[in-house]
Structures are given as C-alpha cells and as structure tokens.
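*Asks:* How does the following fold in three dimensions:
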Amino acid sequence: MKSKTLSILLAFTAMPVLSQQNVEPNSSPELSSEKVIIENSIDEKTTAQQAVTDEKIAKVPTALQWMQRLSYSIRNLNFDSSFVVVKNNRAEPYRWLHGIDEGNDLELMTLLNGPRKESVRVNDNVSYFNSNLHPYTVKADAISGPIPVAFSGDIEKLQQSYDFVSVGKSRILGRPAQLIRLESRDKQRFGYWLWLDVQSGLLLKAALIDRNGDLLEQIQFTHLTITEKSSETLNQLLVAELPSTLIVSQQVPELHWQVSWLPSGFELVNTKRNRLAGINQQVESLMFNDGLVDISVYVSQTSEANRPMTVNQAGATVLLSQLRDGYEINVVGQIPADTAKAIADSVSFN
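*Replies:* Residues are numbered from 1 along each chain as shown. Here you go, the predicted structure:
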C-alpha cells in the first residue's frame, strides 16, 4: 500500500511544468485536500502497523517468563525422561520421572550405568540409595542430583546473581527449543545455557560455560514423554517401604574460623563438624549457595608444613587445596579457580 501511495505522489510531481506554473501555491482547494487525505492515510497506516508490532512484541515471553515456566513445568507436569551428563569425556546416563497422583508429588532419578545410585521423592521426603552407603531419607522438596534444584525453585532469586538473556530458537531432541542464557553479573561464577522445550517448557539441554565461552560440561536429554497421568512406576512409590528419616541435629557447631569473602548472592546454608572414618580426624565445613551453585569450604588441622596451592578440576567442579598456619583448607564448587582461591585466601582463624 505504501508503494501505491508513493506512485500517487510521483504522479503529482510529474505533472507538466506549464500546469504547475499556472497554479499559484495553495490556489487549488481540490489539490490541497487530496494531498491532506494522502498524508493522513500514510499516518494512519504507520500508526496501525506500529500498534501491530507492539502487540507482537508484548506477546513474546521474556527470559524470566521462560525460566518461570521451566520451574512450573518441572513441578506440575507428568513426564518420563532420560538424559546424559557429559564431562571430562565421560557420559553418565540417567532416567528421570515426575508425576502427581491424587495430590502426591512423586519423583524418581536413577543412574543407569555402574553401581546403584537412585533417588526417590514422595512429597517432602527424599530417599537416597547408594551401593556404598546405607540408604537414608531426608526432609526436602527436591532431589539433589545433576538437575539443579534451583530450576524448580525460586527463579526470581537467581536474578540477584545472574542476568537472564533470551537468545533464539533451535532444535533439540527433534523439538523446537528456546535458548536462555544465565550470565553471571560479577563474572565470579560460570554461566548456564539452557534449551527449553517450546511446547512444554521442560529442559532439553543444559551447558555450563566458562568466562571464555568454552564448554565445561553439559546435560543432553535423549528421551522425553509427557503424559496426562502419573506413571505406574511412580505410583508404586506410595506403597514402597522407604528408609527411615534421618534426625538432623539443629545445634550449629561453633567454629573458630570464618570465610571473610564470597561472591555476592551466596548465603550460608549449612555448618558441620565431622570425623573422617578410619583416621579419626575432625573436619569442619561451611556450605554456601547462591540459588544455583553450592560452594563448600572444609578446614582441618594438620601437622604438615605449608605447601603451594593445588587445583584439580573435573568438568565445572573445582577442588582447590592449600596448607597454611597449621590448617588444610579445601574449597569445592562449580566456580572458576580464581574465585575458589579468593575464598580460600579469605579464611581467617580466631
């Protein structure tokens, strides 16, 4: 329609010069009214097109809305899925199921290769089965495993430490997927790239990226089925005999050391004092969390002399160790090595 309007204007411009000379400016009411009508038509169409564009933009979900939908879908949909965790050229396959049956919230996550490693959740009771440990149950509303608990929790809390960026669409597991990037605000932690299923909002792929944009580890889903009802496998958990719930002491041990620096957003979530089996050595620890990442700091007395710091990394997980002032300090977490060093250096003793 714009080209038609432009042709009309060119037609007026191309009128014979003699005719233009015979007409004084503004002397033809007919010509002036036609020009006003054309200009008003252009303005009206431009306004209408802008309104349509604004409406389309308003309908496009924001990155925050995509993340909120992920959290909702994990907690409310009935699904049966499989995924592979890839790090250090190793692949660990898992099966993950979730369902709601007559108001009961059920979840199962199983490692498919190697010794038994299985987690079961019935409402707010999570039971862990490991071939190397006695099975036990703890009070929790999510399974602690390869899928970060934060993805089904308070998404807005993550915005204190991460910027959410909606990048674009791609195809994962044969399904249209929306890519959302979680970028560290202070560059003291790694970033996450998440591919979410456009149809259901569930996770299809996740990648941990360092500050250079290099891949550290990833989760790739290989199967996803969404159903109206909870699977029979999950429903059987309601009648299964599960381990008794551990009684966790509410008494917080008093430590004679503290961590003086942490990246913004990390909060203390646990304080422990344990003795290592076999060597009867006491180890104290503090655990911090920013909503997505856990950082643990372990401190124990030692008679060894001071030695240079050592750093080991498996995928995105860093283990930094240093000996100083008669103490061994270890920092473990999915954080950059220089962040772990700054945390270890900030440990001070009373």
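*Asks:* buried set for stretch 215-225?
*Replies:* Residues of stretch 215-225 classed as buried by neighbour count (16 or more other C-beta atoms under 10 Å): 216-221, 224. C-beta: built from backbone N, CA, C; applies to glycine.
*Asks:* oh, I was asking about stretch 203-213
*Replies:* Quick answer for stretch 203-213 (16+ other C-beta under 10 Å): 203-209.
*Asks:* what pLDDT, on average, does that stretch get?
*Replies:* What stretch 203-213 shows for mean pLDDT is 95.
*Asks:* Low-confidence stretches in the stretch 1-150 of the chain?
*Replies:* Residue ranges of the stretch 1-150 of the chain with pLDDT under 70: 1-58.
*Asks:* Pretty sure residue 141 sits in a strand.
*Replies:* No: using DSSP: H, G, I helix; E, B strand; the rest coil, the assignment for residue 141 is coil, not a strand.
*Asks:* tell me the contacts of it?
*Replies:* Taking C-beta atoms under 8 Å, 6 or more residues apart in numbering, we find residue 141 in contact with residue 124.
*Asks:* mind redoing it with 10 Å?
*Replies:* 75, 105, 107, 121, 123-126, 149, 152-153 (C-beta atoms under 10 Å, 6 or more residues apart in numbering).
*Asks:* Ok, residue 115 next?
*Replies:* 130-132.
*Asks:* My guess is residue 245 contacts residue 125. True?
*Replies:* Yes: the criterion here is C-beta atoms under 10 Å, and residue 245 meets it with residue 125 at 6.5 Å.
*Asks:* Check the contact lists of these two and give me the overlap.
*Replies:* 137-139.
*Asks:* hmm, back to that, looking at the buried residues of stretch 203-213, which are in strands?
*Replies:* Judged by DSSP state E, strands contain the following of the buried residues of stretch 203-213: 203-209.
*Asks:* so which of those comes closest to residue 255?
*Replies:* Of all those, residue 255 sits closest to residue 208, with 30.6 Å by C-beta to C-beta.
*Asks:* For that closest one, list each beta-bridge partner.
*Replies:* Beta-bridge pairing of residue 208 under DSSP bridges involves residue 192, residue 217.
*Asks:* Next up, the contacts around it.
*Replies:* 87, 182, 189-193, 214-219, 293, 315-317, 334.
*Asks:* ok, of those residues, which come out buried?
*Replies:* Listed as buried from these are 87, 182, 189-193, 216-219, 293, 315-317, 334; burial here means 16+ other C-beta under 10 Å.
*Asks:* Looking at the residues you listed, spot the one nearest residue 345.
*Replies:* Nearest to residue 345 among the buried ones among the contacts of residue 208 is residue 189, at 17.3 Å by C-beta to C-beta.
*Asks:* and that closest one, which of the three is it?
*Replies:* With three-state DSSP as the basis, residue 189 sits in coil.
*Asks:* Quick check: residue 312 touching residue 331?
*Replies:* No: taking C-beta under 10 Å as the definition, residue 312 is not a contact partner of residue 331, at 11.3 Å.
*Asks:* joint contacts of these two?
*Replies:* Shared contacts of residue 312 and residue 331, counting by C-beta under 10 Å, 6+ apart, come down to 318-321, 337.
*Asks:* returning to that earlier point: which of the buried residues of stretch 215-225 sits closest to residue 270?
*Replies:* Closest approach between the buried residues of stretch 215-225 and residue 270, by C-beta to C-beta: residue 217, at 24.0 Å.
*Asks:* and this structure, what are its domains?
*Replies:* Using automatic domain parsing, the domain parsing of the chain gives 2-59, 63-238, 257-349.
*Asks:* Figure out which of these is closest to residue 250.
*Replies:* When the domains of the chain are compared by C-beta to C-beta, domain 257-349 sits nearest residue 250, at 11.4 Å.
*Asks:* Run the chain-centre distance for that closest one.
*Replies:* Chain-centre distance of domain 257-349: 24 Å, with C-alpha atoms, centre = their mean, to the nearest Å.
*Asks:* Any regions of the stretch 251-350 of the chain where pLDDT drops low?
*Replies:* Flagging of the stretch 251-350 of the chain using pLDDT under 70 yields the residue ranges 277-279.
*Asks:* which residues in it form strands?
*Replies:* Applying DSSP state E, counting those that start in this stretch to the stretch 251-350 of the chain gives strands spanning 257-259, 267-276, 281-289, 294-301, 307-314, 317-324, 327-333, 347-349.
*Asks:* Now the third one: buried residues?
*Replies:* Applying a neighbour-count criterion of 16+ other C-beta under 10 Å, one finds 284-289 buried in strand 281-289.
*Asks:* need the residues you listed in a markdown table with distance to residue 306, can you?
*Replies:* A markdown table is the format used below for the buried residues of strand 281-289 (distance: C-beta to C-beta, whole Å):
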| residue | distance to residue 306 |
| --- | --- |
| 284 | 20 |
| 285 | 21 |
| 286 | 22 |
| 287 | 26 |
| 288 | 25 |
| 289 | 30 |
